[in-house]
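Novice: Need coordinates for the following:
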Amino acid sequence: MVAALVAGWVTLGVWMGLVLTHGWFWRTDQRLPPLAEPQSWPSVAIVVPARDEADVLPSSLPTLLAQRYPGQARVILVNDNSSDGTGELARRLASEAPLTVTSPGEPAEGWTGKLWAVAHGDVDYLLLTDADIAHGPDSLATLVKAAEGGRDLVSQMARLRTETWWERLIVPAFVYFFAMLYPFHRVNKPTARTAAAAGGCVLVRREVLARAGGVAAIRGAVIDDVALARLVKSAGGSIWLGLAEDVHSVRPYPRLADLWRMIARSAYTQLRHSPVLLAGTVAGMGLVFIAPPVLAIAVPSWPAAAAWLLMTASFAPVARYYGQPVLSGVLLPFTGFLYTLMTFDSARRHWRGVGAGWKGRHY
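Specialist: Take a look at the predicted model:
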């Protein structure tokens, strides 16, 4: 009983520390405010790497072609050796709209397919967006206004789908855990070392990117969005990351297996393929997310129950952002347990020599 009580106090102390001192990670207030228009609108290339994306392009590509942007903008879809007719479909969807479809061939040695695709195209700004991301009509103009206000990289985390039960359980927690790893307030603080971006929507100033070494400097990165943000910030660039209002993903993840593959493909890469970091992550997830409900129910321990309540309360802003019940955070320990299993499965794949995989490619 004494040990359980001490453990309960430890979990409560951990949660108080996270909520009060860990960069306000649980807040969802990092949104782009109303911004002034620039005196002159810079040119932008919207680069969309696409590999076997014929199922989602009809929902995403037209939103890029219909952008209400006062300056010069062109959409470049880089067909990454697709076998499902992605390139032909893109041309049909564009019809008379300004779209360029290129096919750079297989990636050079040491490059990931996505970054090999992104490397092909150039102007004042590059908007890097995924083939499954749909944009509101003023998305590009809003991003450019934010960048022209003194930022070199502006990234918005697209609102992911939460239509199925598994999506509602896993997706908000994905954003929550991402914010725990990279608190947005710290990312957006110029003096902080924390750097991150959300790969589905990244506007970057080409001059600063070139000064930092270009996309070639991170050519082998699997978690390319974070690598790009670190590259720009390390070169003295100003970066901003927040939640999107009119940028959303159209890719469905109807089953747990779909979400599992999405997360497991790069989870161990996030841990730099380190067994020590893996062990620490498993232990940390157990202490932070699983111990509070176990101790609160089994002992019962009121400090552990308070930690569970604090955990639930910290999840409420993300739950509201996704239109979920405020008390849905009570299931966060179960979701955390699933994420722990996904991370371990990611390590297992690496140990088997499979590594991070995406549409037939493994790294």
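Novice: Grab the nearest non-local neighbour of the residue most central in space within the chain.
Specialist: Per CA atoms, centre = their mean, the C-alpha nearest to the average position across the chain is that of Ala198, at 3.8 Å. Once flanking residues are discounted, Ala198 sits nearest to Met157: 3.8 Å by CB to CB, 6 or more residues apart in numbering. Where C-beta positions appear, they are placed from N, C-alpha and C, glycine not excepted.
Novice: any idea of the pLDDT on that neighbour?
Specialist: The confidence metric pLDDT takes the value 96 at Met157.
Novice: quick revisit: the residue nearest to the centre of the chain: what secondary structure?
Specialist: Each residue gets one of three states, and Ala198 gets coil by DSSP: H, G, I helix; E, B strand; the rest coil.
Novice: circling back to that earlier point, Three-state assignment for the residue nearest to Ala198, please.
Specialist: Met157 falls in the strand class when you classify it by three-state DSSP.
Novice: give the contact list for it.
Specialist: Val175, Phe178, Ala198, Gly200, Cys201, Leu241, Gly242, Leu243, Ala244 (CB atoms under 8 Å, 6 or more residues apart in numbering).
Novice: Just to confirm, what confidence does the model report for the third one?
Specialist: When you say that, I think you mean Ala198. The per-residue pLDDT of Ala198 was computed as 91.
Novice: same question, the fifth one
Specialist: Looking at Cys201, its pLDDT reads 94.
Novice: Can you tell me how far the nearest residue to Leu89 once chain neighbours are set aside is from Arg91?
Specialist: In space, and not counting its chain neighbours, Leu89 is closest to Ala54: 5.0 Å by CB to CB, 6+ apart. The span separating Ala54 from Arg91 equals 12 Å under the rule CB to CB, to the nearest Å.
Novice: Of those two, which one has the most company?
Specialist: Ala54 (17 against 14; other CB atoms under 10 Å).
Novice: Got the phi and psi for the residue nearest to the centre of the chain?
Specialist: Torsion angles at Ala198 (phi, psi; degrees, to the nearest 10) stand at phi -110, psi 110.
Novice: How much space separates it from Phe25?
Specialist: Between Ala198 and Phe25 the distance is 15 Å, computed by CB to CB.
Novice: ok, the residue nearest to Ala198 to Gly200 distance?
Specialist: In this structure, Met157 and Gly200 are separated by 7 Å, where distance is defined by CB to CB.
Novice: give the contact list for the residue lying closest to Tyr322 once chain neighbours are set aside.
Specialist: Nearest in space to Tyr322, with sequence neighbours left out and distances taken as CB to CB, 6+ apart, is Pro172 at 4.6 Å. Residues counted as contacts of Pro172 (CB under 8 Å, 6+ apart) are Thr162, Phe315, Val318, Ala319, Tyr321, Tyr322, Gln324, Ser328.
Novice: Distance check, the fifth one against Ile223.
Specialist: Tyr321 sits 23 Å away from Ile223, going by CB to CB.
Novice: what's the answer for the third one, then?
Specialist: Computed as CB to CB, the Val318 to Ile223 distance reads 21 Å.
Novice: Among these two, which residue is more densely surrounded?
Specialist: Taking other CB under 10 Å, Val318 and Ile223 do not tie; Val318 has more neighbours (25 against 16).
Novice: ok now do that one, which residues does it touch?
Specialist: Here Val318 is in contact with Trp26, Thr28, Pro172, Ala173, Val175, Tyr176, Ala179 (CB under 8 Å, 6+ apart).
Novice: so which strand or helix has the closest residue to Ala7 other than its chain neighbours?
Specialist: Nearest-residue entry for Ala7: Leu295, 5.9 Å, with adjacent residues in sequence omitted and distances by CB to CB, 6+ apart. Take DSSP states H and E as the rule and Leu295 turns out to sit in helix 291-298.
Novice: and what of Gly242?
Specialist: Short version: Gly242 belongs to strand 239-249, going by DSSP H and E.
Novice: I would like the residues contacting that strand, please.
Specialist: Counting by CB under 8 Å, 6+ apart, strand 239-249 makes contact with 28, 30-32, 130, 132-136, 138-139, 142, 146, 151-161, 175, 182, 184, 187-188, 195-198, 200-201, 229, 232-233, 321, all of which sit outside it.
Novice: so how far is it off the chain centroid?
Specialist: Here strand 239-249 shows a centroid-to-chain-centroid distance of 10 Å under the convention CA atoms, centre = their mean, to the nearest Å.
Novice: Tell me the strands beside it, with direction?
Specialist: For strand 239-249, the pairing partners within the sheet under DSSP bridges are strand 133-135 (antiparallel), strand 153-159 (parallel).
Novice: didn't Asp52 look like it was pressed against Ser83?
Specialist: Yes. Asp52 is in contact with Ser83 according to CB atoms under 8 Å; the separation is 6.2 Å.
Novice: more crowded one of the two?
Specialist: Neighbours per residue (other CB under 10 Å) separate Asp52 from Ser83, with Asp52 holding more: 18 against 10.
Novice: Could you check the angle the helix or strand containing Leu140 makes with strand 153-159?
Specialist: Using DSSP H and E, the secondary-structure element containing Leu140 is helix 139-148. What separates the directions of helix 139-148 and strand 153-159 is an angle of 140 degrees, with axes from the mean of the first three to the mean of the last three CA atoms, to 10 degrees.
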